[in-house]
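Novice: generate coordinates for the sequence data below:
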Amino acid sequence: MEDLKTPPSNVEAERAVLGSILIDTTVRGEARVMDLCLAQGVTTESFYDPRNRAIYNEMLLVNRLGKPLDALVLVDSLRANGRLDAVGGVAYVQSLIDQTPTTAHAEHYMGILQMKSLRRKMIERAAQVVERCYDEGEWPDPRAILGDAERAFLEIGDTGSNTMPWGDAVTASFDRINEMFKSDGFSFEGLATGLTHLDEKLQGLKKSEMIVIAARPSVGKTSLAMNIAECCALGQDMNGVPIRSDRGKRHPVMIFSLEMPVDALSRRMIAGRAHINTWRLNRNMCAKSEKQILVQNLFQAAGDLKDAPIYVDDAAGLDIMDLRARARRAKKAHGIELIVIDYLQLCTCREAARQASRQIEVSMISQQIKAMAKELKIPVIVLSQLSRANEQRNDKEEKPKLSDLRDSGAIEQDADVVFLLRRPSRTATSKDAADETLAIIDVAKNRNGETGEVKVNFFREFTRFGDREIPRNEGDHFQSSEQPPEHENYVQDPLS
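Specialist: Predicted coordinates for the structure are as follows:
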């Protein structure tokens, strides 16, 4: 016969918490203990004894109504709602006061309640996992069970409230603004992208934001995302200069590369940082006379990137729930401050697979990515394909629109920021078709800031973006004659 164990509990501590609440109001005329319970997240589920659970639930009701939480008011409320006899009558309520020695130890009693409640929740979640492991019909994929179990157990520890008092929010916002005024030069709240003019428009990549980089294939969306990830991880802009807004601080970055393997990604990043033609490097087509200098550049770039806090997961066809679980682990283990997903259409969603609708599946994936950004409180950059609608419109520039986001309108709705990336040199009818280095980042949506186009340089041979200078007399029109950014040991690839 199975040995049935009693769930962890401490009924005496439960009675002491309830008694402290009543004594605090009846004798002292204040609600300090009740306020402590609410602040520390004590809920009805924190109590194991059904009587104590019912009494605390009634206390919450009385407190919401703004009535004093003394024994008389509590008894009247229980009687009015038909619950007085179920909890043991007036005698049981009075015994809570009589058997509580002091309210001074109320926080200690609450701690006991919370620890016992935590154990019960863990037992309950573990039992659900065991049951699902046996149910192969409803749960055919054990990875789904694993992801759900991980989410459930991590949620247990997140007992705090996500609600910040309005006064605290105003104070925190004022402090951030004040710090910006005190800072030397241009400053902003979010993470820097490494592109000066883009940061001026965005004010950085902000916490809990979902940032979508959308473009047609081979335009450079992966390069842009990797450049931003590199700048955040190294605390440097695209020229290798420490970012002033946070004094060159390094920010751990997690990259989910569903398209490219990690070795290809790292090779591209090293070559780009060394400013060496990637195509020729992969084919070993560098001149012998220049190889020594190029090797020095590669050695320095590899040294810079080797210790960068960049973590890559290159699992293909990753389910969005598995991705969220891995992101939680990375945040816990490495303090991740930015996530990059390359790219959205390569994610899958088991929950939506049965509905046989790609639009619904992409919609659910988008919602989960936004929820992940809010849960982890960090910016999440996700790459997305664009449809061919911009090529079919009667537009010489072939400018993409938000409605061109592929597979689902939910991406446009969920995203806080959307970059629509294009390169005019790929459009024969564009007025800027002759400018091979020009790339345009159209900030088509920015929930918390400006929208509009930002012109940047894109050096295709290096898969690297860079700032374009702003002429003093041309406002927002950027020069297209800027050369690739130079640093101390930079040497132009003679074969590029």
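Novice: make it CA atoms for all contacts and neighbour counts henceforth
Specialist: Fine.
Novice: domains of this structure?
Specialist: 1-157, 191-467 (automatic domain parsing).
Novice: show me where pLDDT drops low in the stretch 301-450 of the chain?
Specialist: 351-356, 407-408 (pLDDT under 70).
Novice: and what of the stretch 51-200 of the chain?
Specialist: 155-166, 168-169, 173, 176-177, 179-188.
Novice: ranges for the helices of it?
Specialist: 71-80, 89-98, 106-134, 142-157, 166-182, 196-202 (DSSP state H, counting those that start in this stretch).
Novice: which elements pack onto the following helix or strand past the last one?
Specialist: Moving toward the C-terminus from helix 196-202, the next helix or strand (DSSP states H and E) is strand 210-215. The contact analysis (3 or more CA pairs under 8 Å, 6 or more residues apart in numbering; DSSP states H and E) places strand 210-215 against helix 221-234, helix 358-376, strand 380-385, strand 417-422.
Novice: now the third one - C-alpha only, PDB.
Specialist: The C-alpha coordinates for strand 380-385 follow below in PDB (Å, rounded to 0.1, in the frame of the first residue of the first chain):
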ATOM      1  CA  VAL A 380      14.700  41.100 -26.800                       C
ATOM      2  CA  ILE A 381      15.700  41.600 -30.500                       C
ATOM      3  CA  VAL A 382      13.900  39.200 -32.900                       C
ATOM      4  CA  LEU A 383      14.600  39.000 -36.600                       C
ATOM      5  CA  SER A 384      11.700  38.600 -39.000                       C
ATOM      6  CA  GLN A 385      11.300  38.100 -42.700                       C
END
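Novice: against which helices or strands is it packed?
Specialist: strand 210-215, helix 221-234, strand 338-342, helix 358-376.
Novice: of these, which is nearest Ala433?
Specialist: Closest of the helices and strands packed on strand 380-385 to Ala433 is strand 210-215, at 17.4 Å (criterion: CA to CA).
Novice: still on that earlier bit, any idea which of the helices and strands packed on strand 380-385 is most buried?
Specialist: Of all the helices and strands packed on strand 380-385, strand 210-215 carries the top mean neighbour count, a mean of 27, counting by mean count of other CA atoms under 10 Å.
Novice: distance to Ala71 added to the helices and strands packed on strand 210-215, as CSV?
Specialist: CSV is the format used below for those (distance: least, CA to CA, whole Å):
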stretch, distance to Ala71
helix 221-234, 58
helix 358-376, 40
strand 380-385, 51
strand 417-422, 54
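Novice: which one of these lies nearest to Phe465?
Specialist: helix 221-234 (6.6 Å).
Novice: out of the helices and strands packed on strand 210-215, which gets nearest to Pro140?
Specialist: Here helix 358-376 is closest among these (CA to CA), at 18.9 Å.
Novice: just the CA trace of the closest one, in CSV.
Specialist: The C-alpha coordinates for helix 358-376 follow below in CSV (Å, rounded to 0.1, in the frame of the first residue of the first chain):
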residue,chain,number,x,y,z
ARG,A,358,0.9,29.1,-39.8
GLN,A,359,-0.6,32.5,-39.0
ILE,A,360,-1.9,31.4,-35.6
GLU,A,361,1.4,29.7,-34.9
VAL,A,362,3.5,32.8,-35.7
SER,A,363,1.0,34.9,-33.7
MET,A,364,1.5,32.7,-30.6
ILE,A,365,5.3,32.7,-31.0
SER,A,366,5.2,36.5,-31.2
GLN,A,367,3.1,36.7,-28.0
GLN,A,368,5.5,34.4,-26.2
ILE,A,369,8.5,36.5,-27.2
LYS,A,370,6.9,39.7,-25.9
ALA,A,371,5.9,37.9,-22.7
MET,A,372,9.5,36.7,-22.3
ALA,A,373,10.8,40.2,-22.6
LYS,A,374,8.4,41.4,-19.9
GLU,A,375,9.1,38.4,-17.6
LEU,A,376,12.9,38.7,-17.8
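Novice: which outside residues touch that helix?
Specialist: 207-210, 320-321, 324, 328, 331, 344-345, 347-349, 352-353, 379-380, 407-411, 414-415 (CA atoms under 8 Å, 6 or more residues apart in numbering).
Novice: that older thread, which one of the helices and strands packed on strand 380-385 lies nearest to Leu305?
Specialist: helix 221-234 (7.8 Å).
Novice: out of the contacts of helix 358-376, which are buried?
Specialist: Taking 16 or more other CA atoms under 10 Å as the criterion, what is buried in those is 207-210, 320-321, 324, 328, 331, 344-345, 347-349, 352, 379-380, 407-411, 414-415.
Novice: hang on, the earlier thing: just name the most buried of the helices of the stretch 51-200 of the chain.
Specialist: helix 196-202 (a mean of 19).
Novice: now that helix: how far from the chain's centre is it?
Specialist: Put simply, helix 196-202 sits 21 Å off its chain's centre (CA atoms, centre = their mean, to the nearest Å).
Novice: and stretch 390-398, what's buried?
Specialist: Asn390, Glu397, Glu398.
Novice: do you know which of the helices and strands packed on strand 210-215 lies nearest Pro50?
Specialist: helix 358-376 (32.7 Å).
Novice: for Asp49, give its distance to Ala31.
Specialist: 23 Å (CA to CA, to the nearest Å).
Novice: would you mind measuring from the most far-flung residue of the chain relative to its centre to Ala71?
Specialist: The C-alpha centroid of the chain is most remote from Ala91, which lies 51.7 Å away (CA atoms, centre = their mean). Distance, Ala91 to Ala71, by CA to CA: 11 Å.
Novice: follow-up on the earlier one: neighbour-wise, which of Asp49 and Ala31 wins?
Specialist: Ala31 (19 against 15; other CA atoms under 10 Å).
Novice: the more buried one touches Thr25, doesn't it?
Specialist: Yes - using CA atoms under 8 Å, Ala31 makes contact with Thr25 at a distance of 5.6 Å.
Novice: any shared contact partners between these two?
Specialist: Leu69.
Novice: what about Ala439, which helix or strand?
Specialist: Using DSSP H and E, Ala439 falls in strand 438-446.
Novice: phi, psi for His334 please.
Specialist: phi -120, psi 0 (degrees, to the nearest 10).
Novice: tell me the secondary structure for the closest residue to Ile440 other than its chain neighbours?
Specialist: In space, and not counting its chain neighbours, Ile440 is closest to Lys455: 4.6 Å by CA to CA, 6 or more residues apart in numbering. Secondary structure, DSSP: H, G, I helix; E, B strand; the rest coil: Lys455 is strand.
Novice: quick one: residues in contact with stretch 137-152.
Specialist: With CA under 8 Å, 6+ apart, stretch 137-152 has contacts from Arg125, Ala126, Val129, Arg132, Cys133, Met321, Asp322, Ala325.
Novice: please repeat the previous calculation with a cut-off of 10 Å.
Specialist: The list of residues contacting stretch 137-152 from outside it, by CA atoms under 10 Å, 6 or more residues apart in numbering, reads 121-122, 125-126, 128-130, 132-134, 136, 154-155, 319-326, 328-329, 350-351.
Novice: ok so, going back, mind listing which of the buried ones among the contacts of helix 358-376 are in strands?
Specialist: Among these, the members falling in strands (DSSP state E) are Met210, Val380.
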